[in-house]
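In: 3D, please:
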Amino acid sequence: MNVYSRANPIFIIRDNFKKFHNEEITSNLKTLYNSCSTLTLSTPLSLSKILSLFLSPLSFQCVFCFAFFVQKKMVNQSAIRTVVGIIGNVISFGLFFSPAPTFYKIIKKKDVEEFKPDPYLATLLNCAFWVFYGMPFVHPNSLLVVTINGVGLVFEVVYLTIFFIYANKKGRKKLLLYLLIEAAFFAIIVLITMLALHGTTKRSLIVGIICDIFNILMYASPLTIMATVIRTKSVKYMPFWLSLTNFLNGLCWTTYALLHPFDIYVLISNGIGVISGTIQLILYGYYWCRGDNQIGDDKNDAPAVTVV
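Out: Numbering: from 1, shown residues only. From the prediction side, this is the model:
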């Protein structure tokens, strides 16, 4: 067969793709948009449609086109990575802000009641390590990782300050002890990294592994909630929007990690986050469709937030 023949499979695929791109992609995107814009959580059927949209052929076609353009360098990968990172920053900001109503209640009641500082302490240390990881002398080209985790640090400091003000004497001592342990641990890692390791490759390896370990542990925290959902056959203990936001956040940062320059450490932690979020959404859809129409009630509004 003549390689330049129009019957060549390569030409057929190319022509079909051109036709698909020119005639169908716009229609598919409009269909996805219209479907999403008309859905609500008023019925189990609507929720099942939301979940099925993520796995629909239309979604995969749109993702295929996006991947094709990036691979063929029809668009600037650096620009796409920046845009995806900014979207990730916006979603992550929402996650950091999500415990605010809890602390508003604490301020109004002037009492921390039964709320625990553990999630905020964990998020504080996690953000501190990701900020350190994103420094130019550890892992270059990670400005967006630094910005959102820097914002997260500020949020957690504010939350913990409020907690300290309204906690009892025993609670304050416990909080200060944990903060001292975290500060000492962080300082030791920073000193070892800067003094014993030379070059961004070695520093990225060690700090990246530490960040991934923390992220994996924090992503594992919803396992207890998922177990409760399975045991009670009710989704009221697992907030839908928080699960969906965590899934989208992990998906966004996974995409960011895959684009040039490739970041294996961001990919590992957020890839696991996507899996965790997917399992939560599947559980939610399953038990919702079985008749539990009560939206999840987040009584602790304080999940350990991991955004990168």
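In: following the biggest helix by length in the chain, which helix or strand shows up next?
Out: Across the chain, the longest stretch assigned as helix under DSSP state H is helix 169-196. Using DSSP states H and E, the helix or strand that follows helix 169-196 in sequence is helix 200-219.
In: Next, the angle from that following helix to helix 169-196.
Out: 160 degrees (axes from the mean of the first three to the mean of the last three C-alpha atoms, to 10 degrees).
In: Contact partners for T228?
Out: If you count contacts by C-beta atoms under 8 Å, 6 or more residues apart in numbering, T228 has them with Y237, M238. In this view, the C-beta of every residue, glycine as well, is placed from N, C-alpha and C.
In: So for it, what's the pLDDT?
Out: Looking at T228, its pLDDT is 83.
In: With N149 instead?
Out: 96.
In: From F214, how far off is it?
Out: Remark: distance between N149 and F214 (C-beta to C-beta, to the nearest Å) = 12 Å.
In: Between these two, tell me which one has more neighbours.
Out: Using other C-beta atoms under 10 Å as the criterion, N149 and F214 rank with N149 on top: 28 against 21.
In: Point me to the helix or strand that includes that one.
Out: Here N149 is assigned to helix 143-166, by DSSP H and E.
In: Need the residues that contact that helix.
Out: 82, 85-86, 88-89, 92-93, 96-97, 99, 103, 106-107, 110-112, 115, 117, 120-121, 123-124, 127-128, 130-131, 133-135, 139, 171-172, 175-176, 179, 256, 266, 305, 307-308.
In: low-confidence ranges in the stretch 151-300 of the chain?
Out: Residues of the stretch 151-300 of the chain meeting the criterion pLDDT under 70: 291-300.
In: domain ranges for the chain?
Out: Domains of the chain are assigned by automatic domain parsing as 1-75, 77-289.
In: ok, and which of those has the densest surroundings?
Out: With neighbours taken as mean count of other C-beta atoms under 10 Å, those reach their highest mean count in domain 77-289, at a mean of 18.
In: I am finished for the moment; much appreciated.
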